Structure formats: structure tokens, C-alpha cells
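> no FASTA, just this:
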């Protein structure tokens, strides 16, 4: 017959020596404790953290311990759900063996994955913004693509504008000449009119 109490005490002693700074006993009957698990530091020294609360059931390790997330930092709700699912899967795989270290290690790895995902999302966002800026810059320098149709349309408009401009210029010249003596008028004036005076 398995001595559950002995196995639980031995595991508790081992866990306390492995996690001296993050392990806290909450109660002795039933045995309940917390372990704070922090990811490795990511870019900009950012971390994610979760405090797991475990409670031994009477027949642990033949039955899974109870667990919950007592607190968390920098985790989204979906990440918290993923951690709870991971704990359940790991506990089912390790029934019959002391498993707290295994559960905590799995959560540690998951937290490191989350930090990597945060870094990847941030890098993707930076790349997306850079691509958008490049596209905006290209659009600023890129004119209309010239085709035969739009060139002929432009040419017709250009010719019309030039004809209007030439017509206006010619009318302006005619108007300015009306009040002035031209070269021929001066000759006529000098030859015929001035000597008669």
C-alpha cells in the first residue's frame, strides 16, 4: 500500500529546496502551497509571471493535485487558459508519480514560449509598419502609369490648352497694336504727314 503522506512530504521538501525563493506553504492540512514561476527575461528585460497554487488531495500522486492560478503578470486571458490546459494534460500523463516539479517545469517552458511570441508579435508589427511606410513613400513618388489611351487624352488636353493660350496671346498682341504705331505707320508718318506740316 502506498504511503501518500510520506510521498507528499518528500516531494514538498524537494520542491522547497528547488524553489526556495518562490515557494510558500499556505496550509498543512490539506497541504497547500504556491510557487511563483517567471519566464526568462525577453527583449527589454520583460517577463511574464504566474503564481501557481497547488493543494494535495488525499490520494496524491495517484490522483491529480488541485491547482489554480493565484496571480499573474503580463499574461492575456488566452495565455492563462493555455496554462490551465497544459497543467491538466501534464497531470494526466504523470498520474502515479509525484508531479509538481514536472508541472512547474512545463509552465516555465510555456511562459518562455509566451515571451518569444510577444517578441515575434512586436517584430511583426514593426515590419508591418515599415512596409506600410515604404508603400506610402512609393505612392508619393509614383505617378500615373502612362498608357496609349491616357497619353492621347493628355495630348488632346495639352493641344487644346496650347491653342487657347496662343489664341489669347494673339488677341493680346492685336489689342496692344491698336493703340500704338507700328513700324510701317511710322514710315508713313515720316514720309507723308510730317513734311506736309
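Arrived safely. All values derive from a computational prediction rather than experimental measurement.

> does the most centrally placed residue in the chain sit in a helix or strand, and which one?
In the chain, the residue lying closest to the centroid (Cα atoms, centre = their mean) is residue 125, at 2.7 Å. Using DSSP states H and E, residue 125 sits within helix 100-141.

> Now tell me what touches stretch 128-139 from outside.
With contact meaning Cβ atoms under 8 Å, 6 or more residues apart in numbering, stretch 128-139 is reached by no other residue. Where C-beta positions appear, they are placed from N, C-alpha and C, glycine not excepted.

> distance between that stretch and the chain's centre?
Centroid separation for stretch 128-139 versus its chain: 15 Å, with Cα atoms, centre = their mean, to the nearest Å.

> now do stretch 11-21
39 Å.

> Please work out the average pLDDT along that stretch.
On average, the pLDDT along stretch 11-21 is 93.

> And the helix or strand hosting residue 68, what's buried?
Assigned by DSSP H and E, residue 68 belongs to strand 66-73. Of the residues in strand 66-73, 67, 69, 72 count as buried by neighbour count, 16 or more other Cβ atoms under 10 Å.

> before we move on, what about stretch 50-58?
By 16+ other Cβ under 10 Å, the buried positions in stretch 50-58 come out as 50, 51, 52, 53, 54, 56.

> ok, those vs residue 100, which is closest?
Among the buried residues of stretch 50-58, residue 54 lies closest to residue 100 (Cβ to Cβ), at 6.1 Å.

> Looks like that closest one contacts residue 70 (just checking).
No - in this structure residue 54 lies outside contact range of residue 70 using Cβ atoms under 8 Å: 9.9 Å.

> Now do the shared contacts for these two.
residue 34.

> so is residue 146 in a helix, a strand, or just coil?
Following DSSP: H, G, I helix; E, B strand; the rest coil, residue 146 is assigned to coil.

> Now do it against residue 154, distance only.
As judged by Cβ to Cβ, to the nearest Å, residue 146 and residue 154 stand 9 Å apart.

> Neighbour count for those two, which is higher?
residue 154 (12 against 9; other Cβ atoms under 10 Å).

> what about the helix or strand encompassing that one, distance to the chain center?
Following DSSP H and E, one finds residue 154 within helix 148-178. Helix 148-178 sits 54 Å away from the centroid of its parent chain (Cα atoms, centre = their mean).
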